[in-house]
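[1] one predicted model, sequence on top.
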Amino acid sequence: MQGKLSTKYVWSVRRFGRMPAWVGISGSLGIRLPEVDRDVTREVERLVRRGTGIVTGGAPGVDMLAMDASLRIDPSGTHLKVVLPCSFPMFLQYVQALAFHDVISKWDAIHLTSLLHAARRKGCCIEHPEFPKLTQEAFSFRNAEVVRLSGKLLAFHVDNSGGTMNTIRHALRAGKDVYRFPYTSGREAPGIE
């Protein structure tokens with residue numbers, strides 16, 4: 001079965017159709033836009049309220065918003081899986097480095113760190129310590145794992161970012177439906193995902 005790529009209009013039409021047990025959430029990390037924040041939060045809240053689980057990659061931005069919304073609706077964490085591309089401590093160092101280099105705000109780094117600790121305590125984190133360094137290979141593997149654990153993918157795609165496109169390609173190759181929410185920031189993306 002070949003996956004298909006749909007725009008957000010098609011997703012809104014199909015919103016109340018049959019959903020898989022788990023839906024992957026992917027998106028750009030370097031640029032925060034109010035419409036992205038609103039859409040991610042709204043869609044994740046709708047899915048979790050319907051009993052659908054969320055699988056995401058633990059990164060700042062879209063992944064952070066998905067974790068936050070999921071844990072707010074279901075504090076037990078039973079509707080959340082967070083796939084990390086490395087060990088938990090290494091990923092926390094990565095988040096701090098992003099804040100140090102002003103890729104994300106210090107507030108986002110603090111909030112994401114808190115969410116990650118909460119997710120880990122609830123048993124939601126899936127770590128991959130077999131990657132001793134955070135490389136493109138590790139992130140691509142993480143993206144493939146998000147897809148593997150999901151029945152469908154929602155991609156909140158800002159400025160055609162490479163990391164989100166990588167996840168979309170993994171999903172299409174796996175025959176999974178992808179619902180792409182495209183956004184344009186008007187700014188140059190930092191290229192880190």
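    Cool, the structure landed.

[2] show the subsequent helix or strand relative to the lowest-mean-pLDDT helix or strand in the chain.
    Lowest mean confidence among the helices and strands of the chain (mean pLDDT, DSSP states H and E): helix 8-14, at a mean of 44. Sequence order places strand 22-27 as the next helix or strand after helix 8-14, per DSSP states H and E.

[3] elements contacting that following strand?
    If you count contacts as 3 or more Cβ pairs under 8 Å, 6 or more residues apart in numbering; DSSP states H and E, strand 22-27 packs onto helix 34-49, strand 53-56, helix 62-73, helix 136-148, strand 152-158, helix 162-173. In this view, the C-beta of every residue, glycine as well, is placed from N, C-alpha and C.

[4] and the angle from it to helix 162-173?
    Using axes from the mean of the first three to the mean of the last three Cα atoms, to 10 degrees, the direction of strand 22-27 lies 150 degrees away from that of helix 162-173.

[5] can you give the contact residues for strand 22-27?
    36, 40, 43-44, 47, 52-57, 61-63, 66, 81, 143, 146-147, 149-158, 163-164, 167-168, 171, 176 (Cβ atoms under 8 Å, 6 or more residues apart in numbering).

[6] I'd like the distance between residue 152 and residue 23.
    Here residue 152 is placed at a distance of 5 Å from residue 23 (Cβ to Cβ, to the nearest Å).

[7] higher neighbour count, the two?
    residue 23 (26 against 21; other Cβ atoms under 10 Å).

[8] beta partners for the more buried one?
    Using DSSP bridges, the bridge partners assigned to residue 23 are residue 54, residue 152.

[9] now do the contacts for residue 54.
    Listed by Cβ under 8 Å, 6+ apart, the contact partners of residue 54 are 22, 23, 25, 44, 47, 48, 66, 67, 70, 79, 80, 81.

[10] name only those of those residues that count as buried.
    Buried residues within the contacts of residue 54, defined by neighbour count using 16 or more other Cβ atoms under 10 Å: 22, 23, 25, 44, 47, 48, 66, 67, 70, 79, 80, 81.

[11] and which of those is nearest to residue 89?
    Comparing these against residue 89 with Cβ to Cβ picks out residue 67 as the nearest, at 18.1 Å.

[12] leaving out chain neighbours, which residue sits closest to that closest one?
    residue 115 (4.8 Å; Cβ to Cβ, 6 or more residues apart in numbering).
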